[in-house]
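Asks: what follows is a predicted structure for the sequence shown.
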There are 2 protein chains.
Amino acid sequence: MADKKSSNGGGDSAAGMGMEPSREEGSKNIGETLLRLLPIALCLSALVIMLKNSQSNDFGSLSYSDLGAFRYLVHANGVCAGYSLLSAIVSAVPRPLTMPRAWTFFVLDQVFTYIILGAGAVSTEVMYLAYEGNAAITWSSACGSFGLFCHKATSALALTFGVVICYAVLSLISSYKLFSKYDAPVNTSSKGIEITPAFYA
Amino acid sequence: MADKKSSNGGGDSAAGMGMEPSREEGSKNIGETLLRLLPIALCLSALVIMLKNSQSNDFGSLSYSDLGAFRYLVHANGVCAGYSLLSAIVSAVPRPLTMPRAWTFFVLDQVFTYIILGAGAVSTEVMYLAYEGNAAITWSSACGSFGLFCHKATSALALTFGVVICYAVLSLISSYKLFSKYDAPVNTSSKGIEITPAFYA
């Protein structure tokens, strides 16, 4: 195991000195970059669908901007698309991952996961109320009168949950990348330092 | 770095052989256990406040169970309290952290963070609508008539966001514990092996 680690370390140093990253690293990087590009498409689709979502009929007119939750959804999709683009560019550059960079990816991935999950959750609740209404607080169902609006909003919502899944996976990847740079917690190790002969070779 | 890792590897096997955990490990374990116990108090408080939350007046009567979002909040707080208790008991036992156990903690902590965040988000949206109403879809503000109900629901919501923060930190801890057991990704560190003279002393 120590040998594996040390060979790793050796590879790292090569990367640090500006040598070409190995084929395996490259394909891992491409995978992560694609996973960071995918939310851009989803976010922008959801954003455009929602931005164009308004309906006027005999009952009045309803636009996404009338509902705070949908405004939040649009903003969340906008910033997530921006962050996805930026992080895809940064992660596409084959550079060694330093600690501050690993921490930045980790924290931002977590924050954006929570932001987009929150946006999806509040919009789902509004959609639910819009479809079902609520008799106890005399909120009428709006989707009977504004069917097209509700239909488009549901599509945008489905795309948003696609983004949530991408971000959950990205959070996992970035926490793996960050924490695998750390030592195992103290209660897993109890033996002293072992320097294998490989180090001296 | 490689040395550190190798000492780790050796440590796993030693811990696996049933050696006593050190004092430092013990205090870390106690910290984590306390952080797992804290959400129980918050969840149960939020749950009890919400369960007892109903108001009747001249305008009619309103109970938490009339609103899907609040029912979800109660359920989410209930299962989170249960999971917190269970995980606190498991983490209090000073046993070496095996991979399946680390993965279980990691996955469940993530899932429950998302569940409780979702519950907080949908309830916040309902509270917002209950306070503000919405003119476009003719939803009236309910908190004018049911002020006490809204007040109690807001308290339960604040407690729930306390739980969200605890779970976000627990997710961080469990992902640290899991991923620090893994190898660093190949393209992550920039420096080569550095064996300081201290190792030879």
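Replies: Done, it's in. Numbers count the residues shown, from 1 in each chain, chains lettered A, B, ... in the order given.

Asks: okay, CA-based contacts and neighbour counts for the rest of this
Replies: Fine.

Asks: C-terminal to the least confident helix or strand in chain A by mean pLDDT, what's the next element?
Replies: Of all helical and strand segments in chain A, the minimum by mean pLDDT, DSSP states H and E falls on helix A:2-16, at a mean of 39. The helix or strand immediately downstream of helix A:2-16 is helix A:23-51, counting by DSSP states H and E.

Asks: any buried residues in that next one, and which?
Replies: By 16 or more other Cα atoms under 10 Å in any protein chain shown, the buried positions in helix A:23-51 come out as A:25-26, A:29-30, A:32-33, A:35-40, A:42-47, A:49-51.

Asks: show me what it is packed up against.
Replies: Helices and strands touching helix A:23-51, by 3 or more Cα pairs under 8 Å, 6 or more residues apart in numbering or on different chains; DSSP states H and E, are helix A:68-92, helix A:147-179.

Asks: mean confidence score for the longest one?
Replies: Predicted confidence along helix A:147-179 averages 92 (mean pLDDT).

Asks: same check on stretch A:55-70?
Replies: 88.

Asks: before we move on, what about stretch A:77-93?
Replies: In this model, stretch A:77-93 has an average pLDDT of 93.

Asks: does that stretch reach chain B?
Replies: No: using Cα under 8 Å from any Cα of the partner chain, stretch A:77-93 stays clear of chain B, coming no nearer than 11.3 Å.

Asks: using CSV, write down the CA coordinates of that stretch.
Replies: The C-alpha trace of stretch A:77-93 is given here as CSV (Å, rounded to 0.1, in the frame of the first residue of the first chain):
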residue,chain,number,x,y,z
ASN,A,77,-30.5,28.4,-12.6
GLY,A,78,-28.7,31.5,-13.9
VAL,A,79,-25.9,31.5,-11.2
CYS,A,80,-25.6,27.7,-11.5
ALA,A,81,-25.1,27.9,-15.2
GLY,A,82,-22.4,30.6,-14.7
TYR,A,83,-20.7,28.6,-12.0
SER,A,84,-20.8,25.4,-14.1
LEU,A,85,-19.2,27.1,-17.0
LEU,A,86,-16.5,28.7,-14.9
SER,A,87,-15.8,25.5,-13.0
ALA,A,88,-15.8,23.4,-16.2
ILE,A,89,-13.1,25.8,-17.7
VAL,A,90,-11.0,25.6,-14.5
SER,A,91,-11.3,21.8,-14.2
ALA,A,92,-10.6,21.3,-17.9
VAL,A,93,-7.1,22.8,-17.5
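
Asks: list the buried ones in it?
Replies: Neighbour-count burial for stretch A:77-93 flags A:77-85, A:87-88, A:91-92 (criterion: 16+ other Cα under 10 Å).

Asks: what does that stretch rub up against?
Replies: A:29-30, A:32-34, A:36-37, A:39-41, A:43-44, A:46-47, A:105, A:112, A:116, A:160 (Cα atoms under 8 Å, 6 or more residues apart in numbering or on different chains).

Asks: give me the neighbour count for A:F179.
Replies: Applying other Cα atoms under 10 Å in any protein chain shown, we find 26 residues neighbouring A:F179.

Asks: surely it and B:Y176 touch.
Replies: Yes: using Cα atoms under 8 Å, A:F179 is in contact with B:Y176, at 5.2 Å.

Asks: need the helices and strands packed on helix A:23-51 in a markdown table with distance to A:N134, can you?
Replies: Below are the helices and strands packed on helix A:23-51 laid out as a markdown table (distance: least, Cα to Cα, whole Å):
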| stretch | distance to A:N134 |
| --- | --- |
| helix A:68-92 | 17 |
| helix A:147-179 | 16 |
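
Asks: for A:S155, see how far away the residue nearest to the spatial centre of chain A is.
Replies: For chain A, A:Y167 is the residue whose C-alpha lies nearest the centre (Cα atoms, centre = their mean; 2.2 Å). Going from A:Y167 to A:S155 by Cα to Cα, to the nearest Å gives 19 Å.
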